[in-house]
Each structure stands twice: as structure tokens, then as C-alpha cells.
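Chemist: what's the 3D shape of this:
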Amino acid sequence: MSGNTTKKKRRGERADGRVLLTLIIGKKENGKPERKYFYGNTREEAKRKREEYKRERSMGLSDKGEKMTVEEWIDIWYERYKPNANASSARTYQVLMKRLKKDMGERLIRKVSESDLQQSLSGVAGMSMSMINKYQSFIHQVFSRAAKNRLILFDPSDGLSTPEGSEGTHRALDRWESDFIMAHWKEHRAGLWAMLMLLLGIRRGEMVALDWADIDMDKRVVNIHRSAYFDANKTVINDKTKTYAGMRMLPICQPLFEALDAVPSDDRSGFVCTSVKGDLLTESAFKRGWNGFNTAMQRILNNEPVDQQGRRTDLEDQPDRGTVVFSIRAHDLRHTFATALYDAGISVKAAQYYLGHSDLRMTLDLYTHLSVERENRERSELTGFLDAWIKPVELKTVEGTTTENKVSEVETKESESSV
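Modeler: Purely as a prediction, here's the structure:
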């Protein structure tokens, strides 16, 4: 007998050394059993995979999620749940989708942990809080839907910690700044843009899309029902606003009425805010106009000619001149309008309408932020007042009389008076 004996293979052992185990999971249309196959480098590994599959099935997990990647699910999610997103929202979603796909697009969706998502979310730390909140909300939308569709056992996006970010550069203008705009808006063609955004609280895109047909000077109202966005310096007009809530009727106050009324009647057709050539504003045309407006306001503020040619008078270029800087962003005007609503005691629900917020929480967050700002400012003013008002009182004594004796003498007289 030969000394070389062939080792008998156990059931399921393959020629490549792996172990294959099967599990009947149902029946095919032809009546034959439908089998699920599990591979492992060892029999224990294959058994573990089979038992894990049986456990997941008992919990109602769908087989569709077994080999689905995060990228595949994101595409399915967007097609199913965001098919009617407007152009502006669609662009935002594309940015968010691209980021999450880059972080973990090739990973199996069932292998994503809370720690993985937290790492991805922490990757946007330092950005604006608006972007951070949008990304966190997007992650939650994607994975909560995956859980509802039984692709995963639980939603790993629950309880993610929001990283710190910048509050952005948007601010409410100081009173002197808004007063200065209303006093000198005529000095530059973009002054009317500023008046519209300041006194209506509309977004830049809503201002760009505003048509004279939307303005009723007799009833003194403006109908906001369209918006615009810039795409590679091309302006796209949407027949609807950023959200359904964006459609609103806004009152025209007296300063704005006078600004609109200053436009000659023959020019009150087409878009209200246009380029130098009278065309629809593009992104570059808006930037040129807005920078020119800031420069004009700064020159007036520093007693310089509005149309000054040649050298620049920016503070950065000539710090020794003591130049007063005038620099505001378009969205600062909307934030100023929101602050005015708060200061006027306008209810949160009414403010939501005037601002065109689709979610009341946005208005509540804004009002809460403004409330904290006001409390801090009032506390600082009170402290400053008390610091200047309360001074040490010097107690002078008469020769031969101590301060304690004088106090005792006063108390005695008050006691006798009461008797």
C-alpha cells in the first residue's frame, strides 16, 4: 500500500481551501428550493456568516441591502425621495451627495457605523453652521430612510454630535449703516437693490427675479413668486421661489415707496434690478454692481467724490488715512430685516411668512439667536452703566464723632420720630 493517502474532504470544502455552507431561504417559481450560499476560510467563519444572515432575516432586514453600497443607496434615495427638488435645492443636494460618496461611497451600507458618519460630519468642521446643519440633515435623511426600508438594522445617524463651525459673516447692520443707505441710495444704481433687500427682507435671487409686474404701487405690495440662481455666470429664473413658503405678498413701506416711485414711469417694465446695459443680472454683473455700491457709500462717508477716478482709498491700501470702511453683504440686509421684525415685536409665525421660511424652526432659531444677542447687549449696557454710576462713598467724620456714633444717632432720631 502506498504511503501517500489523500485526505477525505468534508462536506462543503472547496478546492481553493474555502468552506461553502448553504441555507434554504424559500422556493423558486419552478418549485425548486432557493438556496443562499456562505463562504469562509474556515467552517466556523462560514457558520458565523450563515447565523448572522438568519438573525438579520428574523429581524426583517431586506436582502437588497446585503451588497448595496452607500453610493448606490444615495442614488436610489435621491431618485425616490427628491425627484421634484427645485434647481437651487438640487445643486445643494449634489454638493452634499458628492461629499458623502467621497467619504464612504464604496462601503457597504450595512457596514457603516455611527463612528464612520461622525468622522464624515466632523470633516466639515469650521465651515459655516448653515452648511454643517445641511450636511448633518442630509446624512440623517439618507440613513433613516435606509432603516425604514429595512436595508439596515438601525439608523447610525441618530445622535451625531454637531461639530463647531463659523457663524458666517452675515450680520444685522448697525442703525447708522441702514440710515446711511436710505439717505444715499440714489448715489449708485445698485442703491435700489439695497433698498429692496433691506426693506422687504428678500433674498438676492428673489431680488434678481423681481419684475415690475410684481409690484402694485397703488396697493403698496410686492408679490414674491419667482427666484433666480447663477449657474456658470448664467442666470436661471425659476417660476417658483426657493420653497413654496417663499411665495408671499410683502408690504411697501414709505421709504421703499419713494425709492420705487423715483424710477421714471417709462422705465417701469421688465426686471426691476438690471445690469448697466439694462439686462438681466448675471453673477459677475451683480458683483460689480454691489462692489461699486459699497465703494460709493464709503467715499461719501469719507467726504470723497463718488465718481473719483484713479487711486484707491480702501482702508487696507492706505491705513494711515483713517478711512471709515463701509462693507456690507447682500444677505446682511435680509438679516437686518429679520432683526427689525424681532425688534418690532412681530410674532414668530408672522415672521416666518415675511421671511419666506418653509420651516418654522428656522425662524425660531433666528429669534432665539436675536434674543440671546439682545440679552448680552443689555447685560453689557447695564454693567457699563453701573460701573460708571456706583462709586465708593467717602464717609466723613466730625471731629470727636465716629462713623458708628453718627449712624447710631440717626437710628435714635428715626426711632423717636416713629413713637
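Chemist: the residue nearest to residue 173 when sequence neighbours are not counted: neighbour count?
Modeler: In space, residue 173 comes closest to residue 336 once its chain neighbours are excluded; the distance is 4.6 Å by C-beta to C-beta, 6 or more residues apart in numbering. Where you see a C-beta, it was placed from the backbone N, CA and C, and this is true even at glycine. Using other C-beta atoms under 10 Å, residue 336 has 23 other residues around it.
Chemist: what separation is there between residue 336 and residue 370?
Modeler: Noted for residue 336: a distance of 11 Å to residue 370, by C-beta to C-beta, to the nearest Å.
Chemist: shared neighbours, those two?
Modeler: When C-beta atoms under 8 Å, 6 or more residues apart in numbering defines a contact, no residue borders residue 336 and residue 370 alike.
Chemist: low-confidence ranges in the stretch 51-200 of the chain?
Modeler: Low-confidence segments of the stretch 51-200 of the chain (pLDDT under 70): 53-63, 65, 86-88, 166-170.
Chemist: one more time with 80
Modeler: In the predicted model of the stretch 51-200 of the chain, residues 51-66, 83-89, 128-130, 165-170 satisfy pLDDT under 80.
Chemist: can you say which helix or strand has the most centrally placed residue in the chain in it?
Modeler: Nearest to the geometric centre of the chain sits residue 130, at 2.5 Å (C-alpha atoms, centre = their mean). Counting by DSSP states H and E, the element that carries residue 130 is helix 129-148.
Chemist: next: residue 337.
Modeler: helix 330-343.
Chemist: where exactly do the strands run in the protein?
Modeler: Applying DSSP state E to the chain gives strands spanning 19-27, 33-40, 215-216, 221-224, 227-231, 234-238, 248-251.
Chemist: which of those has the lowest mean pLDDT?
Modeler: Note on these: lowest mean pLDDT is at strand 19-27, with a mean of 76.
Chemist: only alpha carbons, please: show that strand as PDB.
Modeler: Provided in PDB are the C-alpha atoms of strand 19-27 (Å, rounded to 0.1, in the frame of the first residue of the first chain):
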ATOM      1  CA  VAL A  19     -15.700  26.200   3.000                       C
ATOM      2  CA  LEU A  20     -19.200  26.600   1.500                       C
ATOM      3  CA  LEU A  21     -22.400  26.200   3.500                       C
ATOM      4  CA  THR A  22     -25.900  26.600   2.200                       C
ATOM      5  CA  LEU A  23     -29.300  27.700   3.600                       C
ATOM      6  CA  ILE A  24     -32.700  27.100   2.000                       C
ATOM      7  CA  ILE A  25     -34.400  30.500   2.100                       C
ATOM      8  CA  GLY A  26     -37.500  29.700   0.000                       C
ATOM      9  CA  LYS A  27     -38.800  28.300  -3.200                       C
END
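Chemist: by contact count, what packs against the lengthiest helix in the chain?
Modeler: The longest helix of the chain (DSSP state H) is helix 360-389. Here helix 360-389 touches helix 330-343, helix 348-355, going by 3 or more C-beta pairs under 8 Å, 6 or more residues apart in numbering; DSSP states H and E.
Chemist: out of those helices, which gets nearest to residue 178?
Modeler: Among the helices and strands packed on helix 360-389, helix 330-343 comes nearest to residue 178, with 6.0 Å by C-beta to C-beta.
Chemist: contacts for the closest one next, please.
Modeler: Outside of helix 330-343, the residues within contact range by C-beta under 8 Å, 6+ apart are 170-173, 178, 193-194, 197-204, 207, 290, 350-351, 354-355, 366-367, 370-371.
Chemist: angle of that helix against helix 348-355?
Modeler: Orientation check (axes from the mean of the first three to the mean of the last three C-alpha atoms, to 10 degrees): helix 330-343 against helix 348-355 gives 150 degrees.
Chemist: and the gap between the residue nearest to the centre of the chain and residue 92?
Modeler: Going from residue 130 to residue 92 by C-beta to C-beta gives 10 Å.
Chemist: could you do residue 220 as well?
Modeler: 34 Å.
Chemist: residues near residue 274, how many?
Modeler: 17.
Chemist: revised request: answer the last question for residue 304.
Modeler: Using other C-beta under 10 Å, residue 304 has 14 neighbouring residues.
Chemist: where do the helices sit along this structure?
Modeler: In the chain, the segments counted as helices under DSSP H are 43-58, 70-81, 87-104, 114-122, 129-148, 175-184, 191-200, 204-209, 254-261, 283-301, 330-343, 348-355, 360-389, 403-418.
Chemist: turn these into JSON lines, columns for distance to residue 19.
Modeler: Shown next, in JSON lines, are the helices of the chain (distance: least, C-beta to C-beta, whole Å):
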{"stretch": "helix 43-58", "distance to residue 19": "5"}
{"stretch": "helix 70-81", "distance to residue 19": "29"}
{"stretch": "helix 87-104", "distance to residue 19": "30"}
{"stretch": "helix 114-122", "distance to residue 19": "30"}
{"stretch": "helix 129-148", "distance to residue 19": "31"}
{"stretch": "helix 175-184", "distance to residue 19": "75"}
{"stretch": "helix 191-200", "distance to residue 19": "69"}
{"stretch": "helix 204-209", "distance to residue 19": "61"}
{"stretch": "helix 254-261", "distance to residue 19": "78"}
{"stretch": "helix 283-301", "distance to residue 19": "62"}
{"stretch": "helix 330-343", "distance to residue 19": "62"}
{"stretch": "helix 348-355", "distance to residue 19": "62"}
{"stretch": "helix 360-389", "distance to residue 19": "54"}
{"stretch": "helix 403-418", "distance to residue 19": "98"}
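Chemist: packed most tightly, which of the ones you listed would that be?
Modeler: helix 204-209 (a mean of 25; mean count of other C-beta atoms under 10 Å).
Chemist: check which helices and strands that one sits against.
Modeler: Using 3+ C-beta pairs under 8 Å, 6+ apart: helix 204-209 touches helix 191-200, strand 227-231, strand 234-238, helix 330-343.
Chemist: looking at it, residue 67 is touching residue 109, isn't it?
Modeler: No: counting by C-beta atoms under 8 Å, residue 67 stays clear of residue 109, with 9.4 Å between them.
Chemist: which one's more surrounded, those two?
Modeler: residue 109 (23 against 10).
Chemist: any idea how far residue 252 lies from residue 92?
Modeler: Taken as C-beta to C-beta, the span from residue 252 to residue 92 is 31 Å.
Chemist: of the strands of the chain, which is nearest residue 165?
Modeler: strand 227-231 (23.3 Å).
Chemist: okay, angle between the helix holding residue 130 and helix 70-81 too, please.
Modeler: For helix 129-148 against helix 70-81, the angle by the same axes, to 10 degrees is 90 degrees.
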